[in-house]
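> dropping the sequence and predicted coords here.
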Amino acid sequence: MTGLGVVVARLVAVIALAASGCASAPAPVSAPTATSSPSRPCDAAFADGDFAELFDDLQRVAEVDPVWPSFDTRGLPLVLEARTATGACVAHVADGRVLATAHTDAPIENSLGVFGILITARADAAPAERMGFLAGGVPEVVLRSLRDAGVRAALVWSGNAETLSAAGLGEPATRARVARYLLLHESFHVQALFGPVFAPGWPRIRPEWMVQADQEALTRECLGDPAATRERAILADAVAAGEADDLPRMREGLRTFAEARAARYRRLAAVRLAAGEAELPCWVAESVWELDEGGADHASLVTLAEAGLAAPHQPLSDYVRGDTDNAPYYHTGAAQLFVLGRLAPARGALFTELQTAEAPTGALWCAVVEATGVPFEPCAGP
């Protein structure tokens with residue numbers, strides 16, 4: 001398993017899909033320049049080291065047009081945590097400024113390792129009420145600043161040199177690549193789902209989003225079929241063609257992939273996976289996870305590429321072909337979105353359409369079927 005695979009294996013959580021909305025375009029991000037004093041020990045905690053590089057990266061990212069309107073990287077609310085020998089310094093960051101800092105005797109409770117998801121309405125809930133992955137223990141000063149700013153959900157990021165090195169990423173350039181990738185990937189989840197869907201009706205979410213099948217069952221019953229590995233190799237070739245601007249070969253590869261995948265889905269037509277109160281066929285269960293995690297990968301990797309920043313997954317075709325970094329649906333989801341994006345008439349048009357679907361039941365796979373003309377009856381509707 002690669003260094004990134006170690007981190008992702010420890011960090012990545014089960015998070016769902018999207019809802020629409022637009023953010024305004026605030027000022028560019030810049031690192032704080034304050035110096036610390038005995039009365040304000042956290043003023044300089046985020047002014048140098050890995051956090052300073054992250055601020056520089058965010059400034060470049062802020063110059064990129066959003067991949068999807070609801071994911072405007074110029075206005076991402078963040079909670080940054082710098083671990084200290086006596087606890088942690090915590091900051092609310094938005095609009096290019098550190099809006100509030102506080103010192104806490106204990107680190108933030110991030111069950112996902114170097115990141116977590118904060119829902120401000122439930123930030124002070126007991127651990128059992130946080131669904132196992134929501135952050136807790138955020139200092140009251142920072143929490144009040146978030147609430148006063150109208151923030152319902154924010155990414156908590158604790159990824160500095162010490163914490164990322166402990167996760168197996170000791171080399172500075174590797175830390176920077178993984179940090180910027182994960183921050184954007186997980187922020188996409190936070191802004192796409194947790195604010196619009198989870199926060200208003202906490203702890204009950206809208207039932208149409210309870211559509212994710214169990215990951216182990218999906219891997220065993222659907223992706224465990226040897227044909228799924230062959231499909232990924234075909235899809236990786238299509239991505240490589242797109243990266244080389246060979247669009248005819250890319251289209252041909254996408255069609256070959258679709259034909260192979262449709263054959264597997266027909267062979268597995270009787271398989272059903274539990275998802276909440278529903279039972280999903282493989283084609284729906286895979287597509288939901290691909291649009292979820294592959295969509296977050298797509299948003300992160302496209303944004304980084306357009307900002308001129310290196311990502312852990314370069315070239316994308318190698319990432320799609322490999323199987324050491326993430327579960328297969330990360331790879332195949334990002335790959336399908338890349339190829340479909342090259343075929344779309346406008347940047348981000350298809351991604352926006354997919355992410356704003358009323359319910360994400362197989363939308364990505366059906367978009368591939370439509371683009372290739374490969375027959376697959378369930379996508380035709382009733």
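Yep, that arrived. Numbers count the residues shown, from 1 in each chain.
> would you double-check that residue 117 falls in a strand?
Yes. Assessed by DSSP: H, G, I helix; E, B strand; the rest coil, residue 117 belongs to a strand.
> does it touch residue 152 like I think?
No. Assessed by CB atoms under 8 Å, residue 117 is found out of contact with residue 152, at 11.2 Å. C-betas here are computed from N, CA, C, even on glycine.
> low-confidence ranges in the stretch 201-350 of the chain?
201-211, 323-325 (pLDDT under 70).
> tell me how many other residues crowd residue 248.
Look at residue 248: counted by other CB atoms under 10 Å, it has 8 neighbours.
> strands of this protein, start to end?
In order along the chain, the chain carries the following strands (DSSP state E): 78-84, 87-94, 97-104, 115-119, 153-157, 273-275, 278-280.
> mind listing what the last one pairs with, with the direction of each?
It stands for strand 278-280. Here strand 278-280 has these sheet partners by DSSP bridges: strand 273-275 (antiparallel).
> which other residues reach the strand it pairs with?
Residues outside strand 273-275 that contact it (CB atoms under 8 Å, 6 or more residues apart in numbering): 210-214, 217-218, 221-222, 279-282, 285, 288.
> so which bits of that strand are buried?
273, 275 (16 or more other CB atoms under 10 Å).
> report the contact partners of residue 367.
336, 340, 350, 354.
> wait, residue 299 touches residue 183, no?
No. Between residue 299 and residue 183 there is no contact under CB under 8 Å: 11.6 Å.
> those two: who's more crowded?
When residue 299 and residue 183 are compared for neighbours, residue 299 comes out ahead with 28 against 23, by other CB under 10 Å.
> domain parsing for the chain?
Using automatic domain parsing, the domain ranges for the chain come out as 3-205, 208-380.
> list of residues touching stretch 137-148?
So stretch 137-148 is in contact with 77, 79, 90-92, 99-104, 106-109, 118, 120, 123-124, 154, 156, going by CB under 8 Å, 6+ apart.
> now swap in stretch 310-324 and tell me
By CB under 8 Å, 6+ apart, stretch 310-324 touches 1-2, 4-5, 173-174, 177-178, 180-181, 229, 232-233, 235-237, 239-240, 243, 297, 300-301, 304-305, 325, 331-332, 334-335, 338.
> ChimeraX command to pick out the buried ones of these?
In ChimeraX syntax, the buried subset of these is picked out as below (16+ other CB under 10 Å):
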select :4,5,174,177,178,180,181,232,235,236,237,239,240,243,297,300,301,304,325,331,332,334,335,338
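> do you know how far residue 60 is from residue 54?
Separation of residue 60 from residue 54 (CB to CB, to the nearest Å): 11 Å.
> just the buried ones from the contacts of strand 273-275, in PyMOL syntax?
Buried subset of these, written as a PyMOL selection, criterion 16+ other CB under 10 Å:
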select buried, resi 211+212+213+217+218+221+222+280+281+282+285+288
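> for the spatially closest residue to residue 290 that is not a sequence neighbour, list the residues it contacts.
Leaving aside its sequence neighbours, residue 290 sits nearest to residue 333 (CB to CB, 6 or more residues apart in numbering; 3.2 Å). Contacts of residue 333 were listed using CB under 8 Å, 6+ apart, and they are 289, 290, 291, 292, 293, 294, 295, 297, 298, 364.
> among these, which two are most distant?
Taking CB to CB as the measure, the contacts of residue 333 span a maximum distance of 13.5 Å, between 289 and 298.
> residues making contact with stretch 215-230?
14, 260, 263-264, 267-268, 271, 273-274, 282, 285-286, 289, 323, 327-329.
> how far does stretch 107-115 sit from its chain's centre?
Centroid separation between stretch 107-115 and its chain, computed with CA atoms, centre = their mean, to the nearest Å, is 17 Å.
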